[in-house]
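Q: When you get a sec, could you give me coordinates for this:
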Amino acid sequence: MATPRRLHAPAALRSGKYWIWIAVAALAGCTALPQGTATPYHADPLTRQALASPQLAAPLTAEQRQQWLDRITWGASDSDDVQLQKLGLKAWLAQQLAPGLAPLPAEVQQRIDALDISQRSMEQIQQDVAAQRQAIRNAADPEEKSRLGQALQRQLNQWAQEAQKRHLLRALYSPHQLQEQMTWFWMNHFNVSTRKGDVRLWVGDYEEHAIRPHALGNFRQLLEASMRHPAMLVYLDNASNAAGHINENYARELLELHTMGVGSGYTQADVQAMAHVLTGVGFTTREAGAPAPKLRPERRGDYVRQGFFEFNPNRHDYTPQTFLGRPLQGQGMAQVEEALDRIVAAPATARFVARKLAVYFIDDNPPAQLVERAAQAFERSRGDIAATLATLLAAPEAMQRFGQRFKDPVHYVVGATRLAYDQRVATDMAPLLGWLSRLGEPLYGHETPDGYPLAQSDWASSGQMTARFEVARQMAARGAVLFRTEPQAALEKPPYPDLAKRGSVQARLPSWSARSRQALAQARNPVDWNTYFLSAPEMMFR
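A: The predicted structure follows:
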């Protein structure tokens, strides 16, 4: 096992002023803020080759276990540490790369099952929305129309919030932690925002059926699943892309953000060609079994409907297209498939995806040779995500760079909660959602297609650090808000976690700076100790 590098916080976090400011705030009594089943993956030879690295067989120190847990999971916890010790790194990592059918804890599954989005199909939800909208159109009284409209908006918000709660419950408690991390990674990569149109209605289904089943599977299948889903088609306007009314939004982002990347060699002519290829790609909310649109006899065989997805030949531009330097041979939906195959096979896509994965798991500037090795694995495996990840995570360069990935707010909040409460199941997700909003990263809330940024510079501002201290103080002093049965219910006593007794907390402290350990030694009570710990510079990295 390569010797782990010690964490190096940015200068602003390492400075004495940082700790002086935290101590002053604490002594002043800073007030608290108001507040799916995946497809099993069968390891291919590249994955097995990566896992055969002798470095993965070496015994781990307590500190190294914390580093691996922080990288692979949503944040180390005592129970995950026990599992890692029991299995050993190689077997544990193989298990994370190929999640089986181990269920969620029963209480977590019960909470997910109780959600409306779990109890009703999207067909039923669509019928409900259609009926509500018809009632709004039929209402003659303006006040009644307004009341019905507000009720529909509340319902749409509820479904989006339930999707957020389900995502957090899985991130906190699923035994398949790498799958949960990758579900979030791809949701951010193939970003849609609930702040546009009917995405609130669709986002839970998008995560459940387009993203999650492919999170550790095949990139080509994931790309098409994203393309076919109404959430993406609404968000990037391809639902309105039709012959004679070309909309380039999705075609542009497909090449720029989802696959090849800026400066990779595609041209504006390729964007335009892809926009023409994608005409006719849309969705329908007509009931299953409803007759197809009226089509010319020679086009009837081109019509495709699978679930909500619809390829409508009436909207498709059948003009021949040249894409990425070569003519496309197919027609209709076959032309779409051919274009996607060509994009995924492009070396630029392998490099783009490999680098983004390396940035997500390693640091802002991953070694070029590490990215190249992961890109080669992507190409050789034809876009196998688990094989690419295995090559990336088991590389010596990756093992030498623990503790250098600055946490975005989701990793900070979820990781701190897992560390503090382990497998104790939260009954109220509202505080977590509030903390994420306070830190500027509400789930599914990024308005532009690029998704939330990953770089440290985007999350290490003085304003963000101030907000993180406030959230840390809330968790440190009143973490029991997560376990209320009613919003105004009295908190348990004591209303805070005893972080100092956590093995996964104590295992970190020997490698921390003298200044951080000194601050903890000066804590007057458990709340101060919790606050100093959660606010420490070292806790900003994973």
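Q: max-length helix in this protein?
A: The helix that spans the most residues within the chain, counting by DSSP state H, is helix 142-173.
Q: can you give me the offset of that helix from its chain's centre?
A: Chain-centre distance of helix 142-173: 20 Å, with CA atoms, centre = their mean, to the nearest Å.
Q: Can you name the next helix or strand after it?
A: helix 177-189 (DSSP states H and E).
Q: So which elements touch that next one?
A: helix 62-72, helix 89-97, helix 142-173, helix 347-361, helix 385-393 (3 or more CB pairs under 8 Å, 6 or more residues apart in numbering; DSSP states H and E). Any C-beta I mention is one placed from the backbone N, CA and C, and that applies to glycine too.
Q: average pLDDT for that helix?
A: Confidence over helix 177-189 (mean pLDDT, whole number) is 98.
Q: before we move on, what about stretch 206-217?
A: Rounded mean pLDDT across stretch 206-217 is 98.
Q: Could you work out the end-to-end span of that stretch for me?
A: 16 Å (CA to CA, to the nearest Å).
Q: what does stretch 507-515 give?
A: Span of stretch 507-515 from end to end, CA to CA: 17 Å.
Q: Give the buried residues for that stretch.
A: 507-508, 511-513 (16 or more other CB atoms under 10 Å).
Q: next one: stretch 459-471
A: Buried, per 16+ other CB under 10 Å, within stretch 459-471: 459-460, 464-465, 467-471.
Q: Which pair in those has the greatest spatial separation?
A: The distance between the two most remote of these (CB to CB) is 16.0 Å, for Ala460 and Glu470.
Q: Now do the strands in the chain.
A: 281-283, 304-306, 309-311, 322-323, 326-327 (DSSP state E).
Q: Just put the ones you listed in a markdown table and tack on mean neighbour count, mean pLDDT and distance to Ala290.
A: As requested, those are exported to a markdown table (neighbours: other CB atoms under 10 Å; pLDDT from 0 to 100; distance: least, CB to CB, whole Å):
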| stretch | mean neighbour count | mean pLDDT | distance to Ala290 |
| --- | --- | --- | --- |
| strand 281-283 | 22 | 98 | 13 |
| strand 304-306 | 14 | 97 | 9 |
| strand 309-311 | 21 | 98 | 11 |
| strand 322-323 | 16 | 98 | 33 |
| strand 326-327 | 9 | 98 | 36 |
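Q: Could I get the pLDDT score of Gly100?
A: Looking at Gly100, the pLDDT reads 86.
Q: just to revisit the earlier point, looking at the longest helix of the chain now, give me its mean pLDDT.
A: 98.
Q: elements contacting that helix?
A: helix 106-113, helix 116-119, helix 122-138, helix 177-189, helix 199-205, helix 409-421, helix 430-438.
Q: 7 Å instead?
A: Applying 3 or more CB pairs under 7 Å, 6 or more residues apart in numbering; DSSP states H and E, we find helix 142-173 packed against helix 106-113, helix 116-119, helix 122-138, helix 199-205, helix 409-421.
Q: The first one vs helix 142-173, what angle?
A: Taking axes from the mean of the first three to the mean of the last three CA atoms, to 10 degrees, helix 106-113 and helix 142-173 form an angle of 160 degrees between their directions.
Q: Please state the offset of helix 106-113 from the chain centre?
A: That offset, for helix 106-113, works out to 21 Å (CA atoms, centre = their mean).
Q: How about the third one?
A: In terms of CA atoms, centre = their mean, the gap separating the centre of helix 122-138 from the centre of its chain is 30 Å.
Q: Buried residues of that helix, list them for me.
A: 122, 125-126, 129, 132, 136.
Q: Show me what the mean pLDDT comes to for it.
A: Per-residue scores along helix 122-138 average to 97.
Q: residues in contact with it?
A: Around helix 122-138, the neighbours that count as contacts under CB atoms under 7 Å, 6 or more residues apart in numbering are 145, 148-149, 152, 201, 205, 285.
Q: what's the distance between the residue nearest to Leu97 when sequence neighbours are not counted and Phe219?
A: Distance criterion CB to CB, 6 or more residues apart in numbering; nearest residue to Leu97, sequence neighbours excluded, is Ala386 at 4.7 Å. Ala386 is 11 Å from Phe219, where distance means CB to CB, to the nearest Å.
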